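Student: okay, sequence plus prediction incoming.
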Amino acid sequence: MRLRSGVFASSCLLMEALGVALFLRGFFRHYAGTIRTSCNHGSSLFLGTVSNWTKIPPPLFKKVVIVLIDSLRDDFLFGPKGKQFMPYTAQAVEKGTSYSFIAEAKPPTVTMPRIKALMTGSIPGFIDVIMNLNSPALLDDNLIWQAKTSGKRIIFYGDDTWIKLFPKYFVEYDGTTSFFVSDFTEVDNNVTRHLDRVLKREDWDLLILHYLGLDHIGHLTGPNSPLVGLKLSEMDNILKKIHISLISKEEASLPNLLVVCGDHGMSETGSHGGSSEGEVRTPLLFISSAFEKRSDPLTQPELVQQTDLASTLAVGLGLPIPRNSVGKLIWPVVGGKTMREQLRFVHLNGFQLSRLLQENTPAYEKGKSAKKKSYAQKEISHGNWIKLYLEGNNSEILLNFGKKVLKQYLEALKTLSSSLSKQVAQYDVYSMLVGAVIIMEVLLLLLLSIPKALSSRAEFEVPLSPPLFSLLFYLMCLVLCAVHVIVCTSAESLCYFCSLSWLTAVGVMMLISVLMCGILSTIARVFENSRLPLKNPVVSSSNWSEIDLLIVTGTLVHVLSLGASSFIEEEHQTWYFLINTLCLVLCQELCRNNFLLKEWDPQHSTTVKQNFDRIGEVSECKNIDILATSNSKLGKTTSSAGFIKGSDKWISLASPWIILICCRLLRSLNQTGVQWAHRPDFGHWLTSSEHKSELSFLAAVSLLMVFFLVQRRCSLVSKIAMALGLLGVYSYRAAIGNVVFPWQHDSQDISKGITEARFVYVFVLGIVFTGTKDILKSQVISADSSVKNTGLWEVYSGLVLLAALLFRPHNLPVLVFCLLIQTIMTKYIWRPLNCDATQITIMHYWFGQAFFYFQGNSNGLATVDVTAGFVGLESYVEIPAVFLTAFATYAGPLLWAIHLLCYLSSEDSRNSVAVSHGSFCYALMRSIPVAIYIVLVTGLRYHLFIWSVFSPKLLYEGVHVFITTAICLFFTAMDQNHSHKVQD
């Protein structure tokens, strides 16, 4: 079966995407737990004595109100902003009857996993980042289920994620969508409007309020926005109202409790999802008349874990501690009771943690663990204390003995909780291995296919028949199926791949067998061909240029750097270094072509002249070059010497330095990574409220530059649509208050910009539709390449317009420099140097990766701009929101990939297999880092930074594979030159 290299690359990427999906499903294991009875009872501490200590203690509080303020950072309450904007709450913290803590959240710091951590006491996995978009019902044992089972009446208002996680648990609820981040007013008013009515009622025991406005402000304008202070003041007034109401209705028997907390914090850019200090540290405040009034000023709140809240509230409400909770009691909150009750509390928590550790650690279960022996000693001491207590001993010795036992218990709780927190990583190793095997096989197949795939024919024979009908294929299928049966019928096995139908599993096993047989067949053919003399020897591959050496070396250096957490956190530095080095090498090549070789090699001088002459030829057709009209002076009649002395020669020589300057400016726009992300950058300066006029001017100039750089190859209709669309982009940003028109004196009339954004969408769709029509016309009706080139460029222009709409105003220069660098490299570097499709593809890939970071992205989830997913939407719609967010995040690589297709298609007349070569190289460049990184992550899955550094990067790599697969399929669809017959 003969395949062109582009079709082969697309097929390989489809198989690789399957492998990546399987690996991700195994690595980010989703545990669908079941509600089970919590660990309510402990073991008997001593024989022959009857005691009620094993019963669930009575509740400590009558009513509990939980106010969860989304994205509430610790410094918003305990820092200067708290004193300025939340005076009532700050007063309660410093001098009131309260206990203040800083709760540390584990990554990923997004809402749904944090709610699970707060209510179950367990540590959610990274798969919950994806589940966050459509939260399923929570089946793990949790505080809400326990409260419902015990007959407590629960009311909830706020983020509808709670309603999805806990369906039918609330006697009354009103949900608000958490994803429509443009709204930070109504989303909170819909919660507050119920307060006056509910606080007057007595028919509830637990009230939960989840406010989203602060989180939305952070996403839109960042933590330093003036809107943050206004929102904090609003929250302070709400807390004051709730606190006063709870105090006024307290009874002598049991006090009430107000809990103020955040699900996660906020980074310096206003996002969350990562592991920076601002994202993981949230305030946790308990206010109740049961606590003693603070006499000493609060210095620094104690650090606790977010998972500690579940066990603390369970004891406070008289409920069983959730079975899978890894948290320990926050002692000051429950410690104001008698010694006997205090020991009951810590023993219940310790017994629950001990049982959970026993279920997860075989050595602990067998009694070999030092932790088990240590905890058993604490229980014995506790039993001895109870004996003395029941004997009526009320001496000082009993009290001191109780304090000693309590101290030992608290130390044991800390040790058990810490051990459990480190053992939460459970991987579906079988699914991971199956996915990794497919990925590695695809990579090997691509590497072995390089000679044929990059040949002048760009096609080769795929030996399907021998593998499918060979004995080795059937033997491998039988062995793999046998392994699958053994693994899936194992009593201890619980994996995703085993849950698939047997037909699907057998199909995957056959795919693995076919790939392996294909690899072996290709290797055998390579050895066989190496023994035969070549009829048409090609040029030796040893004559590599400096560009080729840099490409190979740079690829290897980048892949090796993925094994270090610091290099992953600062990966942008690797790409910045590579493209800077590439510019210097290109400068050397241009100098050699223009100065050295023209004197020593007349034939080469003629070649250089022909390369520049070709630019003059293609300038007659507007579909070949972005700035083709400006090069009309370079006709074929120009002499070699005269041309070399022309101005274009000096522009060409200056081009790499111009690109270096552009890249340096872009680096100053957005600080990214981890080490220097906190440092101020030009983007922060622009987005501050004092510099709105400067930002408006920059945005206007950037949009004009975008139009100038894009419109030259568009049709008249598309030019008009592009101009109106870019005007609509500015109008949208003015409508939401990011920029201002010259005649505007203020920006008080801020709207969501729905109309303006949809106005732009109309032109985006119109331009893309016009381009698609031209592409289909060239594919079906006529074979005119100029029509196809025009269509491709218009599709590219439509995507540029969409990127301009989704980018934040201060990021519009990134789009301008992207277009400018593409224009310079097309006209003054690639064509004069006569670069081949392989080199050009890899340069596009490198610059695409660099522009991913120029946008302000990183390998942390906090830099994902979720606001882009809601541009032009009145409410949360999942598919458009996911598409827009993904496009805005990967706009850099996407625009460079589509520009690559436009360039290679325009070169069809000179190189008929350019698109096939480009598709294959692009697939190979994506497959190498993904395959190696998956192997590294598998080996480092118990690394200290696996969840904070390696896992977010794995998610980015996985999504990038899916996007690259779609890109290569588009490349293949555009590659219609099947009829060329070229000698190898």
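Tutor: Received the coordinates, thanks.

Student: how far does stretch 511-529 sit from the chain's center?
Tutor: How far stretch 511-529 lies from its chain's middle: 37 Å, per C-alpha atoms, centre = their mean, to the nearest Å.

Student: and that stretch, C-alpha only, in PDB?
Tutor: The C-alpha trace of stretch 511-529 is given here as PDB (Å, rounded to 0.1, in the frame of the first residue of the first chain):
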ATOM      1  CA  LEU A 511      -3.000  -2.200  16.500                       C
ATOM      2  CA  ILE A 512       0.000  -2.700  18.800                       C
ATOM      3  CA  SER A 513       0.900  -5.900  17.000                       C
ATOM      4  CA  VAL A 514       0.600  -4.300  13.500                       C
ATOM      5  CA  LEU A 515       2.800  -1.400  14.500                       C
ATOM      6  CA  MET A 516       5.400  -3.700  16.000                       C
ATOM      7  CA  CYS A 517       5.500  -5.900  12.900                       C
ATOM      8  CA  GLY A 518       5.600  -2.900  10.700                       C
ATOM      9  CA  ILE A 519       8.600  -1.600  12.700                       C
ATOM     10  CA  LEU A 520      10.400  -4.900  12.400                       C
ATOM     11  CA  SER A 521       9.600  -5.100   8.700                       C
ATOM     12  CA  THR A 522      11.000  -1.600   8.100                       C
ATOM     13  CA  ILE A 523      14.200  -2.400  10.000                       C
ATOM     14  CA  ALA A 524      14.700  -5.600   7.900                       C
ATOM     15  CA  ARG A 525      14.100  -3.600   4.700                       C
ATOM     16  CA  VAL A 526      16.600  -1.000   5.800                       C
ATOM     17  CA  PHE A 527      19.300  -3.600   6.400                       C
ATOM     18  CA  GLU A 528      18.500  -5.300   3.200                       C
ATOM     19  CA  ASN A 529      18.800  -2.100   1.200                       C
END
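
Student: all the helices of the stretch 751-900 of the chain, residue numbers only.
Tutor: Taking DSSP state H, counting those that start in this stretch, the helices of the stretch 751-900 of the chain run over residues 754-776, 785-806, 812-825, 831-833, 837-854, 878-889, 891-906.

Student: want to throw those into JSON lines with mean pLDDT, distance to residue 963 and mean neighbour count?
Tutor: Where C-beta positions appear, they are placed from N, C-alpha and C, glycine not excepted. JSON lines is the format used below for the helices of the stretch 751-900 of the chain (pLDDT from 0 to 100; distance: least, C-beta to C-beta, whole Å; neighbours: other C-beta atoms under 10 Å):
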{"stretch": "helix 754-776", "mean pLDDT": "93", "distance to residue 963": "17", "mean neighbour count": "19"}
{"stretch": "helix 785-806", "mean pLDDT": "92", "distance to residue 963": "13", "mean neighbour count": "25"}
{"stretch": "helix 812-825", "mean pLDDT": "96", "distance to residue 963": "17", "mean neighbour count": "22"}
{"stretch": "helix 831-833", "mean pLDDT": "87", "distance to residue 963": "28", "mean neighbour count": "22"}
{"stretch": "helix 837-854", "mean pLDDT": "95", "distance to residue 963": "11", "mean neighbour count": "24"}
{"stretch": "helix 878-889", "mean pLDDT": "91", "distance to residue 963": "7", "mean neighbour count": "17"}
{"stretch": "helix 891-906", "mean pLDDT": "94", "distance to residue 963": "7", "mean neighbour count": "24"}
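
Student: mind checking which of the ones you listed is nearest residue 247?
Tutor: helix 878-889 (42.6 Å; C-beta to C-beta).

Student: adding distance to residue 565, write the helices of the stretch 751-900 of the chain out as a markdown table.
Tutor: Converted to a markdown table, the helices of the stretch 751-900 of the chain look like this (distance: least, C-beta to C-beta, whole Å):
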| stretch | distance to residue 565 |
| --- | --- |
| helix 754-776 | 39 |
| helix 785-806 | 31 |
| helix 812-825 | 27 |
| helix 831-833 | 38 |
| helix 837-854 | 17 |
| helix 878-889 | 22 |
| helix 891-906 | 23 |
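
Student: and residue 287, which of those is closest to it?
Tutor: The minimum distance between residue 287 and the helices of the stretch 751-900 of the chain falls on helix 878-889, with 37.2 Å, by C-beta to C-beta.

Student: that closest one packs against which elements?
Tutor: Here helix 878-889 touches helix 785-806, going by 3 or more C-beta pairs under 8 Å, 6 or more residues apart in numbering; DSSP states H and E.

Student: and the helix it packs on, how far out from the chain middle?
Tutor: Mean-position distance between helix 785-806 and its chain equals 27 Å (C-alpha atoms, centre = their mean).

Student: out of the helices of the stretch 751-900 of the chain, nearest to residue 590?
Tutor: Set against residue 590 and scored by C-beta to C-beta, the helices of the stretch 751-900 of the chain come closest in helix 831-833, at 6.9 Å.

Student: mean pLDDT per helix and strand in this protein: which one sits at the bottom?
Tutor: Within the chain, no helix or strand scores below helix 640-644, which has a mean of 37 by mean pLDDT, DSSP states H and E.

Student: give me the contact list for the helix or strand just after that one.
Tutor: Counting by DSSP states H and E, the next helix or strand C-terminal to helix 640-644 is helix 647-669. Applying C-beta atoms under 8 Å, 6 or more residues apart in numbering, the contact partners of helix 647-669 are 576, 579-580, 583-584, 586-587, 590-591, 594, 612, 631, 634, 643, 681-683, 810-811, 813-814, 817, 820-821, 824-825, 828-829, 832, 850, 854, 856.

Student: for residue 443, find the nearest of the helices of the stretch 751-900 of the chain.
Tutor: Among the helices of the stretch 751-900 of the chain, helix 837-854 comes nearest to residue 443, with 16.0 Å by C-beta to C-beta.

Student: so the closest one versus helix 647-669, what angle?
Tutor: Counting by axes from the mean of the first three to the mean of the last three C-alpha atoms, to 10 degrees, helix 837-854 lies at 30 degrees to helix 647-669.
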